[in-house]
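K.L.:
only the shape, not the letters, is given here:
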Ligand code: ARG
């Protein structure tokens, strides 16, 4: 059969070459380079399914698989490069197979498939791996926080509201707060993983196909949980990417808040944390400077990830159903978001682990500005049966008087006198105990409170949850490996000359 000679695999209806500007404008090979291995695996699964469904012959399959394997090998060795004039990863890989196996055989690979479902397969496989990697990085960071929590369940520091001293908390309590929020980030990532772990292959261009393909088989070969059930919907949608970008955005929010806290904790004014020299930077002009650039860059890069989420949402909102080339633009923001988040997760464990906490300064600050006032009011409620609102008024009055005198609760005699004036007689030792921040800390035994007992309980509970999540991540990685190995076992058997009907694989079950 004669075909119109054209350089493009889709060139049949075209009578002239694409302008070089148009070529450069539309191609995505640089971005697509992260997808090569996924595109090849997707193609292998597709070809095996075609042969199994008797849409292509065993011999065609053998040839196609041989050249797909070689494509990967040559790509790894730098012999096969993605050429911009072939537009994208899909056309490059398919062309490689056609060049090797010939059009008669290699030209059959694209039966019952479109680049529209192909690009989705690649992106689903990519997102899946990246989410697992991000989760692993985050559990590592959580463990550093849990280390701080175990060492500092009794280390008092001021807790803040409105950036004003509020109540004593422990450094361990602060650390567990981050783990508590990161555990939610991990859950959001897990939900995003589930959405990404569905098979779009077989949706073809938008409408499915008239070939009797087996979408369940490619689902197994690619290690997906299930098949994506609607062809037009899956081709049109990128919510698995939007969900991922949202999970990454919130995670960056939390990392950025950590950055912000460490930045002002290391100021001269606060002085409650000191960065290790290995994780700080200097000034080109001011010799004395030691700057928290890592924390600032975590904070500073957060906006990039938000921007990427907004980029995608804006892209999607005006798209009619079906494939639109706008969708090609889903990848740069996704790549960058994972890169930013993972680089933060790579640096932060070491950064935090080496940060020294100035516990004396924390204790000093804790006593400097009436942080135990609420505890004093609580004491009056308990000991004297006075309604809390009245105790609040009494203690507030005492604080106001002390402030006027330039004194604090550390001036015990003064505080005692002021209580006495209001008809409350306490011994100095009794008052000292009530106003002691450690005492306040120990008393906050309510569920989720700052008492050492609760911090220890949360530390072990969170630790167990993290171990569970790590085990789930491992299981997911194993599932992916099993599917990959199964695909490759079939490839080996086919290469060894076995007919696909006689290949003995659990995938057929
Ligand atoms: N490079 C494209 C993308 O990333 C692949 C799909 C192209 N499909 C098409 N009909 N032009 O979305």
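P.N.:
Cool, the structure landed. This structure is a prediction, so every number in the text was calculated from the model and none was measured.

K.L.:
excluding covalently adjacent residues, which one is nearest to the residue in the stretch 201-350 of the chain positioned nearest to the ligand?
P.N.:
In the stretch 201-350 of the chain, the residue found nearest to the ligand is residue 328; the distance is 3.6 Å by Cβ to the nearest ligand atom. In short, each C-beta sits where N, CA and C put it, glycine included. The spatial neighbour of residue 328 that comes closest, neighbours along the chain excluded (Cβ to Cβ, 6 or more residues apart in numbering), is residue 28 at 5.6 Å.

K.L.:
I'd say that neighbour and residue 329 touch.
P.N.:
No: applying Cβ atoms under 8 Å, one finds residue 28 not in contact with residue 329, separated by 9.1 Å.

K.L.:
the more surrounded of those two?
P.N.:
Each of residue 28 and residue 329 has its neighbours counted (other Cβ atoms under 10 Å); residue 28 has more, 20 against 16.

K.L.:
how much space separates the more buried one from the ligand?
P.N.:
5 Å (Cβ to the nearest ligand atom, to the nearest Å).

K.L.:
let's number from 11 now, not from 1
P.N.:
Happy to do that; since the first residue is 11 now, the last one works out to residue 38.

K.L.:
which phi and psi does that residue have?
P.N.:
Residue 38 adopts backbone torsions of phi -140, psi 30, taken as degrees, to the nearest 10.

K.L.:
check contacts around it.
P.N.:
97-99, 338, 341 (Cβ atoms under 8 Å, 6 or more residues apart in numbering).

K.L.:
got it, and residue 438?
P.N.:
422-423, 426.

K.L.:
show me which residues of this structure sit near the ligand.
P.N.:
38, 98, 125-126, 129, 333, 335, 337-338 (Cβ under 6 Å from any ligand atom).

K.L.:
residue boundaries of the strands in the stretch 311-460 of the chain?
P.N.:
Secondary structure of the stretch 311-460 of the chain (DSSP state E, counting those that start in this stretch): strands located at 366-367.

K.L.:
quick one on the thing from earlier: can you tell me which of the contacts of residue 38 are in helices?
P.N.:
99, 341 (DSSP state H).

K.L.:
where does the protein have low pLDDT?
P.N.:
11-16 (pLDDT under 70).

K.L.:
cutoff 80 now
P.N.:
11-17, 519 (pLDDT under 80).

K.L.:
show me which helix runs longest in it.
P.N.:
Scanning the chain for the helix with the most residues, using DSSP H, yields helix 462-505.

K.L.:
what's the spacing between stretch 342-361 and its chain's center?
P.N.:
Relative to its parent chain, stretch 342-361 has a centroid offset of 8 Å by Cα atoms, centre = their mean, to the nearest Å.

K.L.:
quick one: buried residues of that stretch?
P.N.:
343-344, 346-348, 350-352, 354-355, 357-359, 361 (16 or more other Cβ atoms under 10 Å).

K.L.:
is it possible to get CSV of those residues that adds distance to residue 242?
P.N.:
Listed next are the buried residues of stretch 342-361 as CSV, based on distance: Cβ to Cβ, whole Å:
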residue, distance to residue 242
343, 24
344, 22
346, 29
347, 27
348, 28
350, 33
351, 32
352, 34
354, 37
355, 37
357, 43
358, 42
359, 44
361, 47
